[in-house]
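Engineer: Turn this into a structure:
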Amino acid sequence: MSPELSDASREILSRLQTLRDADAPTHGGRVLSYVYDSGLAELDELAAEAMRLVQPVNGLDPTAFPSVAAMERDLIGFTRGMLHGDDSVVGTVTSGGTESCLLAVKTARDAWTARQVSDDQTPTGSLGLRPRIIAPSTVHAAFHKAAHYFGLDLDLVPVDENGAVTASDIASRFGPDVALVVISAPCYPLAVVDPVRDVATAAQRHGIPCHVDACIGGFALPWWRDAPEWDFALPGVTSISADLHKYGYAPKGVSVLLQRDRDRQRLQYFATARWPGYPVVNPTILGSKSVSALAAAWAIVQRLGTDGFAELVASCQRSTERLRAVVDGIAGLRVVGAPCGPLFAVALDDSVPKRQRVDPHHWADRVAELGFTLQMQPGLTQANGLHLPRTTHLTITPVTERMLDELSAALVTAADDVRGRAPANPRLAVQALRLSGALSKPLTASRAAALLARFGVGGSGDAASSHASSASPLPAKMAPLMALVELLPAAVSERLLIEILARQVEPPEQ
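Structural biologist: The predicted structure follows:
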C-alpha cells in the first residue's frame, strides 16, 4: 500500500482485500469464462498505471480532455486496420460489448425509421410496420436486450444441432420491416462462426444492413489459423462489435463499435441543445464516464501491436486444440459442432450407452471441486422444436497454456467421477408446482423468494467477514439450478434469476 495512506484508509483496503479473497481468481487460468488473462504481468501493471493517470478524467467531453479523443482515435484506427476497414469505416469506443450491440441496433432502428419517413412521410411507413432484427438463435443475449430496449421485434432463426445456420434460412425471412440482420464471429454459446460472407452478400442485395457481433472473437480471429472471412473485407458487412476487454486483455469494460459510412454512424449519436445547460452530444449511452478502461486498452494495444496479439492468439490456439483433443478422448462427452476461436462447448455424447454418458453440468460441478471453474449453459428448445442440449462452455486464454496438464487431468478425472450419473431433472417438482397453481400466480419478490427456497436456493447466507453484507446463497452444486432454468417456462426462470441476483446486493434486514 502507498505510504501516504492513513491507518483508516489502510483498514478500508484491508477489508476490501478480504472481500476480494472470496472472489473467483481472475488470474492463473482457473476460471474459464468471464476473465481474459494474458499471463503477462507487465500488461497488468501497464494497465494499472494508465488507469491511474486518467483517474479523474471525464470522458463526457473530449474537447476539454483531448487525451480522450487521442486514445479513442488510436484504438479505432488499430481496430479498423485489423478488421480490413477502409477510410469509410469509423467508430466509437464503448463501455463493453453490450453497449456496442445496443448502439448497433439503435443505429439500425433510426436508419430504418428515417427511410420510412423519407419514403412515406409517416413515422412508420404506409404499412405501419414495426422494425425487426433477424439473427440465429445463438446470437448473444445483448440483442434480446437491445430489441427490448429499443422496441424492435427479434426474429430468431433456428440453428441445427451443431449450432450452424444457413444463409438461405436467414435470407428467407427478409422483408421491408427488417432493420438489421445480426450474425456472430463466433457466437458465444457454441463458438460457431456464422456464414458471414453469404449472409452479408444477401443482405446487401436486399438493402439490409448486416452487423457482425465479434465481441468475443474480434481480437482473436484476425490471427486465428484457418478462420473464414468475416470482417470489413466483405462489402456487405455494415458494422462490427469487438471487445477489448476480452482478447484485447484490457480491464472491464471497453469495446469498439465500427460502422461503415459516416452518415450512418452519426445516427448512433444523441445530441440536444434544448435545455438551459451545456449542449449534450453523446456517441454512447453513457454521458459522464470513466476513461480508465479506455486508457488501459490504449496502453495495451500500444505495447502489444499486431505481433504481440499474434503471439498470444497462437498460445490460445495451441491450448484450445489440446483441450478439444482431451474432451474428444473422454467417453461420454463431445465437443459441439466445429468451433472456431479460443472457446468451445461440451455436451453429453448420447451415441454411447447410458452408463458411459457424462452429464456436462455434473461434470462442471466436479471440475469446480478440482479447482477449475467452467460455465454451464442450459438447453434450449427453438421455435422449430429442435432442442439444443445443455452444455458446458470453456473460454481459453493465453495463461491456460501454463495450466494444461493440471486442467486436462481435472477434466478427465471429473468425467470419470460422474460418468453414468443421470442428469439433474426437477420434472416432478415442476409438475407439482404447476398442479398447485404456483407457476400461474404473479411472482412478487416474496413469492419468488419462497419458490426459490423450495428448490434450496436463498435464505440467510454467511457473510464473508464482519464487514461483508450477507447474500442469499447459491447451491453448492449448480447442475440442479441449471436444470430448473431449463425446465421451467422461460418467463418464470427469468423472474427467479432476477430475484437471485437482486438479493445478492440487498443490505441485510435490520
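Engineer: elements contacting the lengthiest helix in the chain?
Structural biologist: Scanning the chain for the longest helix, with DSSP state H as the assignment, gives helix 292-328. Judged by 3 or more CB pairs under 8 Å, 6 or more residues apart in numbering; DSSP states H and E, the packing partners of helix 292-328 are helix 41-53, helix 66-82, strand 333-335, strand 343-348, helix 404-418. The way it works is simple: take the backbone N, C-alpha and C, and place the C-beta from them, glycine included.
Engineer: Asp226 is nearest to which of those?
Structural biologist: Closest approach to Asp226 among the helices and strands packed on helix 292-328 (CB to CB): strand 343-348, 14.8 Å.
Engineer: Please work out which of the helices and strands packed on helix 292-328 is packed deepest.
Structural biologist: Among those, the stretch with the highest mean neighbour count (mean count of other CB atoms under 10 Å) is strand 343-348, at a mean of 25.
Engineer: Residues in contact with whatever helix or strand comes next after that one: which ones?
Structural biologist: Scanning forward in sequence from strand 343-348 by DSSP states H and E, the next helix or strand is helix 360-369. For helix 360-369, the external contacting residues (CB atoms under 8 Å, 6 or more residues apart in numbering) are 333, 346-348, 373-376, 390-392, 410-411, 413-415, 417-418, 421, 423-424, 477-479, 482-483.
Engineer: If you count neighbours, what's buried in helix 360-369?
Structural biologist: Neighbour counts over helix 360-369 (16 or more other CB atoms under 10 Å) mark 360-368 as buried.
Engineer: Tell me which two in those are the farthest apart.
Structural biologist: Distances among the buried residues of helix 360-369 were taken as CB to CB; the most separated pair is Pro360 and Ala368, at 12.7 Å.
Engineer: check contacts around Leu439.
Structural biologist: Taking CB under 8 Å, 6+ apart, we find Leu439 in contact with 430, 433, 488-489, 492.
Engineer: The same query, at a cut-off of 6 Å, please.
Structural biologist: By CB atoms under 6 Å, 6 or more residues apart in numbering, Leu439 lies in contact with 433, 492.
Engineer: Show the pLDDT at it.
Structural biologist: Leu439 is assigned 80 on the pLDDT scale.
Engineer: Then it would be within a strand, right?
Structural biologist: No. Remark: Leu439 does not belong to a strand; assigned using DSSP: H, G, I helix; E, B strand; the rest coil, it is helix.
Engineer: Stretch 367-385: how far from the chain's middle?
Structural biologist: Chain-centre distance of stretch 367-385: 15 Å, with CA atoms, centre = their mean, to the nearest Å.
Engineer: Next: stretch 254-261.
Structural biologist: 17 Å.
Engineer: cool, and stretch 70-84?
Structural biologist: With CA atoms, centre = their mean, you get 22 Å for stretch 70-84.
Engineer: quick check: domain ranges of the chain?
Structural biologist: As assigned by automatic domain parsing, the chain contains the domains 53-300, 427-504.
Engineer: could you dump the ones you listed to a markdown table with distance to Gly308?
Structural biologist: Converted to a markdown table, those look like this (distance: least, CB to CB, whole Å):
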| stretch | distance to Gly308 |
| --- | --- |
| domain 53-300 | 9 |
| domain 427-504 | 36 |
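Engineer: Out of the ones you listed, which one sits most buried?
Structural biologist: domain 53-300 (a mean of 20).
Engineer: Between the two ends of that one, how far is it?
Structural biologist: 14 Å (CA to CA, to the nearest Å).
Engineer: now do stretch 476-496
Structural biologist: Using CA to CA, the end-to-end distance of stretch 476-496 comes out at 18 Å.
Engineer: what about it, average pLDDT?
Structural biologist: On average, stretch 476-496 scores 90.
Engineer: Equivalent analysis for stretch 118-128, please.
Structural biologist: Mean per-residue pLDDT for stretch 118-128: 56.
Engineer: can you start the count at 15 instead of 1 from here on
Structural biologist: All right, first residue 15 from here; so that's stretch 132-142.
Engineer: first vs last residue of it, how far apart are they?
Structural biologist: End residues of stretch 132-142 are separated by 14 Å (CA to CA).
Engineer: Phe92 and Val315 touch, don't they?
Structural biologist: Yes. Look at Phe92 against Val315 with CB atoms under 6 Å: they come within range, at 5.4 Å.
Engineer: For Asp174, what are phi and psi?
Structural biologist: phi -80, psi -180 (degrees, to the nearest 10).
Engineer: Tell me the spacing between it and Val196.
Structural biologist: From Asp174 across to Val196, the span is 18 Å (CB to CB, to the nearest Å).
Engineer: How much space separates the residue nearest to Pro293 when sequence neighbours are not counted from Pro392?
Structural biologist: Residue nearest to Pro293 in three dimensions, not counting chain neighbours: Ala287, with 4.6 Å by CB to CB, 6 or more residues apart in numbering. Applying CB to CB, the value for Ala287 to Pro392 is 48 Å.
Engineer: same deal with Arg146?
Structural biologist: Arg146 is 26 Å from Pro392, by CB to CB.
Engineer: on that earlier part again, now the helices and strands packed on helix 306-342 as a markdown table including mean pLDDT?
Structural biologist: Putting the helices and strands packed on helix 306-342 into a markdown table (pLDDT from 0 to 100) gives the following:
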| stretch | mean pLDDT |
| --- | --- |
| helix 55-67 | 96 |
| helix 80-96 | 97 |
| strand 347-349 | 98 |
| strand 357-362 | 98 |
| helix 418-432 | 98 |
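Engineer: in the stretch 365-514 of the chain, which spans are strands?
Structural biologist: With DSSP state E, counting those that start in this stretch as the criterion, the stretch 365-514 of the chain has strands at 389-391, 394-395, 401-402, 405-409.
Engineer: One more: the stretch 15-164 of the chain?
Structural biologist: 103-108, 146-150.
Engineer: okay if I get these as TSV plus distance to Thr127?
Structural biologist: Formatted as TSV, the strands of the stretch 15-164 of the chain follow (distance: least, CB to CB, whole Å):
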stretch	distance to Thr127
strand 103-108	20
strand 146-150	13
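Engineer: ok, Met85 touching Trp312?
Structural biologist: Yes. Applying CB under 6 Å, one finds Met85 in contact with Trp312, separated by 4.1 Å.
Engineer: Who are the contact partners of the closest residue to Leu326 other than its chain neighbours?
Structural biologist: The shortest distance from Leu326 to any non-neighbouring residue, by CB to CB, 6+ apart, is to Pro412 (4.6 Å). By CB under 6 Å, 6+ apart, Pro412 lies in contact with 52-53, 326, 329-330.
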